[in-house]
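1. sequence isn't available, so here's the structure alone:
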């Protein structure tokens, strides 16, 4: 019942806001009904009809005054006056040009500096992952608690994690390195990511041309292949439609292009080439992997993965005491590892944000003082409006509308 009463109340409010004519008609009918009841009462007391009607009006009071009071008591009564308030705000901008120019520059400066500064800090500290369900991608990291630093994972670590984690799927190993890449007669350094084929299933981004890497490409006797990025294809291969199948040289080794990734894809570290990672060629205990990445399975929260990681980390410490005695395995978000920001840079960005907030507050305070000074100079005008019947709330709405117009111009 309570829900129906609330819905009914809001239905009446919306109807009153949309159809004000019908509401005024109901008010007139209500007033006429009360006058008629009072008139009949007076007639029953022995008055003639004209005198009974006159006395009823006297007892009821000024009809128009009641209409005005009722309209002003409505919660939306300020809404029809907004257009007038905005017009007055525009007039005030013209009437006080010096204040308008100063306040507009201050507002524009505060908005621009605050927006740019916050966006820089956000991209550095809380970068977004432009991948399907990118927030589910996590990174596994070995952390040496004694040295307070990260330790690169080995092939043995990767295989242990891959076989022991059920809350994380598409676990992928990545080795990033700089290599000399030759296309035709030209050559230059490029960032190459040696990855397991599962990295493309992890990111869920198909190739724009050709195919991505497959598990068969990781076999020792497989042909040397590479997937190139959009920028490499566009700049080094001139956007050729027959790029798939071409041969380029990476550190002197001829490799065949089997696919081209779409624009903007540079996972995990803005690299432009992906080669298959031959795990069997890596020493089992050598810390050679740049990243180990995976995706949380649907329905498996980060807490569950963290619990599994703790168990596997303890097992690794038992299996490899010489290298993992002080190592703890961690589950982190992808930006915390791939786009890690040093602590001093984080502190600087945090200080920058605080400074920008204080600067914006200072500018807003100066603008508020200017608006207050203008309001003081209009004291007589506001007193006249109040004497003519304007309520305190009505005057506050007018001043707020004038300030809002100024902010809109500055924005």
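-> Arrived safely, thanks for sending. Nothing here was measured: the structure is a model prediction, and the numbers come from that model.

2. dihedrals phi and psi, residue 356?
-> phi -70, psi -40 (degrees, to the nearest 10).

3. residue 144 now?
-> The phi/psi pair for residue 144 (degrees, to the nearest 10) is phi -80, psi 110.

4. list the contacts of it.
-> Going by Cβ atoms under 8 Å, 6 or more residues apart in numbering, residue 144 touches 150, 151, 326, 327. (Glycine included, C-beta is placed from N, CA and C.)

5. among those residues, which one has the most neighbours?
-> Neighbour tally across these (other Cβ atoms under 10 Å): the maximum, 22 neighbours, falls on residue 327.

6. show me what that one is bridged to.
-> residue 144 (DSSP bridges).

7. hmm, it is touching residue 153, no?
-> No. Residue 327 sits out of contact with residue 153 when judged by Cβ atoms under 8 Å, with a separation of 10.0 Å.

8. hey, what's in contact with both of those two?
-> With Cβ under 8 Å, 6+ apart, residue 327 and residue 153 have common neighbours residue 142.

9. in this structure, which strand is the longest?
-> strand 168-183 (DSSP state E).

10. quick check: the two most widely separated of the contacts of residue 144?
-> Using Cβ to Cβ, these span at most 12.4 Å, a distance reached by 150 and 326.

11. out of the contacts of residue 144, which is nearest to residue 302?
-> residue 150 (18.9 Å).

12. element containing that closest one, please.
-> In this assignment (DSSP states H and E), residue 150 forms part of strand 149-151.

13. from the rest of the structure, what touches stretch 205-225?
-> Stretch 205-225 is contacted from outside by 131-132, 195-200, 227, 230, 233, 243-244, 253-263, 265, 267, 274-281, using Cβ under 8 Å, 6+ apart.

14. which of those residues fall in strands?
-> Among the contacts of stretch 205-225, the members found in strands (DSSP E) are 195, 227, 253-260, 274-276.

15. could you dump those residues to TSV with pLDDT, distance to residue 84 and neighbour count?
-> Output for the ones in strands among the contacts of stretch 205-225, formatted as TSV (pLDDT from 0 to 100; distance: Cβ to Cβ, whole Å; neighbours: other Cβ atoms under 10 Å):
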residue	pLDDT	distance to residue 84	neighbour count
195	96	65	28
227	97	64	27
253	94	77	11
254	95	78	11
255	96	73	20
256	97	73	13
257	97	68	24
258	97	69	22
259	96	64	21
260	97	61	23
274	97	64	26
275	97	69	22
276	96	71	24
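
16. so for stretch 348-359, mean pLDDT?
-> Across stretch 348-359, the average pLDDT comes to 80.

17. and if you look at stretch 401-411?
-> Mean pLDDT, computed over stretch 401-411, is 76.

18. let me see the ranges of the helices in the stretch 51-200 of the chain.
-> Using DSSP state H, counting those that start in this stretch, the helices of the stretch 51-200 of the chain run over residues 63-73, 82-95, 97-125, 155-164, 198-203.

19. per the annotation, how does this structure divide into domains?
-> According to automatic domain parsing, the chain comprises the domains 2-77, 80-124+345-410, 134-338.

20. those domains: lowest mean pLDDT?
-> Among the domains of the chain, domain 2-77 scores lowest, with a mean of 68.

21. so who does residue 153 touch?
-> For residue 153, the contact set (Cβ under 8 Å, 6+ apart) comprises 140, 141, 142, 161, 173, 287, 289, 292.

22. which outside residues touch stretch 244-256?
-> 179-183, 187, 192, 209-210, 223-226, 237, 240, 257-260, 273, 275.

23. please indicate which of those are buried?
-> Neighbour-count burial (16 or more other Cβ atoms under 10 Å) is assigned, among those, to 179, 181-183, 192, 209-210, 225-226, 237, 257-260, 273, 275.

24. nearest to residue 381, of those?
-> Proximity of those to residue 381 was ranked by Cβ to Cβ; the top entry is residue 260 with 69.5 Å.

25. leaving out sequence neighbours, find the closest residue to the closest one.
-> Spatial nearest neighbour of residue 260, excluding adjacent residues (Cβ to Cβ, 6 or more residues apart in numbering): residue 209 at 4.1 Å.

26. no further queries at this time; thank you.
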